[in-house]
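> I'll drop the sequence and a predicted model, then ask my questions.
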Amino acid sequence: MLVFVIRRSIQAVFVLFIMSVLVFIGVYAIGNPIDILINPLADQQERERAIAALGLDKPMWAQYATFLWGALHGDLGKSFVHSTSALSLILERMPATLELAFAAMLIAITLGIPLGLWAGLKPSSVSGRSIMAGSILGFSLPTFWVGLMLIMVFSVMLGWLPSNGRGPTTQFLGVRVSFLSLEGWRHLIMPATNLALFKLALLIRLTRSGTREALTQDYVKFARAKGLSHRRVIGVHVLRNILIPIVTVIGLEFGSVIAFAIVTETVFAWPGMGKLLIDSINLLDRPIIVAYLLVTVTMFIVVNLIVDIAYSALDPRVRLTEGKG
Amino acid sequence: MAREESPFRRLSSDFAANPTAVFGLILLGIIVIAALAAPLISPQNPYDLAQLDVVSGRLPPGSTNENGATFWLGTDDQGRDMLSAIFYGLRISLMVGVASTVVALAIGLALGLVAAYLGGRTETLIMRIADIQLSFPAILIALILLAVLGQGTLKIILALITVQWAYYARTVRSAALVEKRKEYVEAARCLALSPPRIVFRHMLPNCLPPLIVVATVQVAAAIALEATLSFLGLGLPITEPSLGLLIANGYQYLLSGKYWISFFPGVALLLTIVSINLVADQLRDVLNPRFQQ
């Protein structure tokens, strides 16, 4: 176990290092930030002073060394546009994204598992078939378009929900959150549903196929033969066994929810780090792009590690030390 | 093994057993024909500025202009007929999706086969890169690439190829590892055939079924991803509006109730993706030997 965690952590640091080099070279070597950041009317002297101030006159490896040294001290550079620390800008926006992602996962889990279970128990019934048809639709609907249509129906036509922003936030454990006020909920519910749709479809399919497979297993037949109630067979014996892959997927998909939040945040003007990324790409604000990527990649690696450890806790057959990392 | 009918006939009759899948295939056929025949069936050439009239901008569906032309799906802010724009947009979306899938398939196929056949360090290197890449969501990788490369049709195709190749490499490798141990490969080795010949002439055809399914799903995924990136303003240039760009274009008019500029291109996008997914779903069942008795 310990060996596994250490080995995975070393691998994670290696991946992070490679990513930082790739992203740094990609983002800094191609395109020229000077043209955007410096007043075109500035004379040669002013230009050179500004270039030196931004550190863009040094060779590439020196720029990377400065960047890496700073990164190890929690300094990912200053935003060209906002003139503040890129990392603190990202961290400031992170709670909004995390709140959106957690809300979306919650919706996907609370609806997806029961619906999938139902469709798995009654695969040929009308309700089972409708659930599956709905899940195909959920896979096929482009997230951003669904978001627009939600705005059209609930904001423009019905006027029930606000179309953008986060609304008033409340302080909770030192972080600003939306879910503690009714107004916050009204802002949160539509983007969260939008973001949840794809994962909902995925969980329905996963639960359904797991249930169908479990029902043919001997332990279910045996539980039935013992005279256990239907409810107990399904709720304890089936559900417990299908939960293992589901938990894994939920964990792994959390990262992709954060990535897809970029789209939802843009549609609903949700002030999270995804929207910050898109704005920064359009403004060529490189330090923020680099900081976003490194923060996200770190989050992914940590989540993947946690999932692997949770997996072994749930399924004693999995021996982590035997995995190839 | 009795050979009563050709594999293709067996597959097509298996496929036809599911009415939903047949419906998907017909729908897909209509969409592809509409996209190919866009210049012939469109009421208007949406790129010809001489045909556009700002006076007839943002007209609701079914309106007519002073020349008597009817805009069945309304017009956008520049007076472009939405129906024509959608036909032309489908062309671009399908072209980008198919082109990127074909190239990514070729790259992934070659790397996956090489990894499985050679094994050892080559295999570890190729598959480790694929694993690391697949642990990040496609949209994030595509966004990074486009942020670095800038915009353009070729650049977005390049981004879509980069995102997809690993899926094929992984699928082919796992299929090829199974095939590699089979007797016909051993027989081919005994005949001293060259490794490229064994890999591409003998093993490749047997690895195709799972690959076809993955490729079909990936075309739909590529089209959806391209639309999303174009919507975010990082995809195709405005001179060649794909469906995603048409939707993005209507975003600003949505709040004033002019729904059709975003709505109809979205429906076209949805129908395309649904029809491909329906076909892919049935292909998966038909091509899966586990379900054949």
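Now that the structure is in, tell me what you want to look at. Numbering: from 1, shown residues only, chains lettered A, B, ... in the order given.
> what about the closest residue to A:His237 other than its chain neighbours, neighbour count?
Of all residues not flanking A:His237 in the chain, A:Ala223 sits nearest, at 4.9 Å (C-beta to C-beta, 6 or more residues apart in numbering or on different chains). C-beta coordinates here come from the backbone N, C-alpha and C atoms, glycine included. Neighbour count of A:Ala223, defined by other C-beta atoms under 10 Å in any protein chain shown: 18.
> got the CA coordinates for the helix or strand hosting A:Ala223 in CSV?
Using DSSP states H and E, A:Ala223 falls within helix A:218-225. This file holds the C-alpha atoms of helix A:218-225, laid out as CSV (Å, rounded to 0.1, in the frame of the first residue of the first chain):
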residue,chain,number,x,y,z
ASP,A,218,-25.1,-17.3,-8.5
TYR,A,219,-25.0,-15.2,-5.3
VAL,A,220,-28.2,-13.5,-6.4
LYS,A,221,-29.9,-16.8,-7.1
PHE,A,222,-28.7,-18.1,-3.8
ALA,A,223,-30.0,-15.0,-1.9
ARG,A,224,-33.3,-15.5,-3.6
ALA,A,225,-33.3,-19.2,-2.7
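> Provide a list of residues in contact with the residue nearest to A:His237.
With contact set as C-beta atoms under 8 Å, 6 or more residues apart in numbering or on different chains, A:Ala223 has these partners: A:232-233, A:237.
> Filter those residues down to the ones in helices?
A:Arg232 (DSSP state H).
> And the buried ones among the contacts of A:Ala223, selectable in PyMOL?
To isolate the buried members of the contacts of A:Ala223 in PyMOL, using 16 or more other C-beta atoms under 10 Å in any protein chain shown:
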select buried, chain A and resi 233+237
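> for the stretch 201-325 of chain A, which spans come out with low pLDDT?
Low-confidence segments of the stretch 201-325 of chain A (pLDDT under 70): A:312-325.
> Swap in 50 and give it another go.
Along the stretch 201-325 of chain A, the model assigns pLDDT under 50 to residues A:321-325.
> Give me every residue in it lying close to chain B.
Neighbours of chain B within the stretch 201-325 of chain A, by C-beta under 8 Å from any C-beta of the partner chain: A:255-256, A:259-260, A:262-263, A:266-267, A:277-278, A:281-282, A:289, A:293, A:296-297, A:300, A:304.
> Of those residues, just the buried ones, ChimeraX syntax please.
Remark: buried members of these, expressed as a ChimeraX selection using 16+ other C-beta under 10 Å:
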select /A:255,256,259,260,262,263,266,267,277,278,281,289,293,296,297,300,304
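> Say whether chain B is contacted by stretch A:151-166.
Yes. Stretch A:151-166 lies within reach of chain B by C-beta under 8 Å from any C-beta, at A:151-152, A:155-157, A:163.
> Now rank those residues by neighbours and give me the top one.
Within these, most neighbours by other C-beta under 10 Å means A:Ile151, with 25 neighbours.
> my read: it touches A:Val267, true?
Yes. If you go by C-beta atoms under 8 Å, A:Ile151 and A:Val267 touch, sitting 7.4 Å apart.
> Find residues that contact each of the two.
Residues touching both A:Ile151 and A:Val267 by C-beta under 8 Å, 6+ apart: none at all.
> could you pull out the helices for chain B?
B:7-16, B:19-36, B:38-41, B:82-118, B:120-134, B:138-149, B:153-180, B:183-190, B:195-197, B:204-231, B:243-254, B:260-287.
> What mean pLDDT does the last one get?
Pointing back at helix B:260-287 there. Here helix B:260-287 scores 86 as its mean pLDDT.
> Okay, buried residues for it please.
Buried residues in helix B:260-287, defined by neighbour count with 16+ other C-beta under 10 Å: B:260-266, B:268-287.
> Once you drop chain neighbours, what's closest to the spatially most central residue of chain A?
Note on chain A: the residue nearest the mean C-alpha position is A:Ile258, at 1.7 Å, using C-alpha atoms, centre = their mean. In space, and not counting its chain neighbours, A:Ile258 is closest to A:Ala101: 5.3 Å by C-beta to C-beta, 6+ apart.
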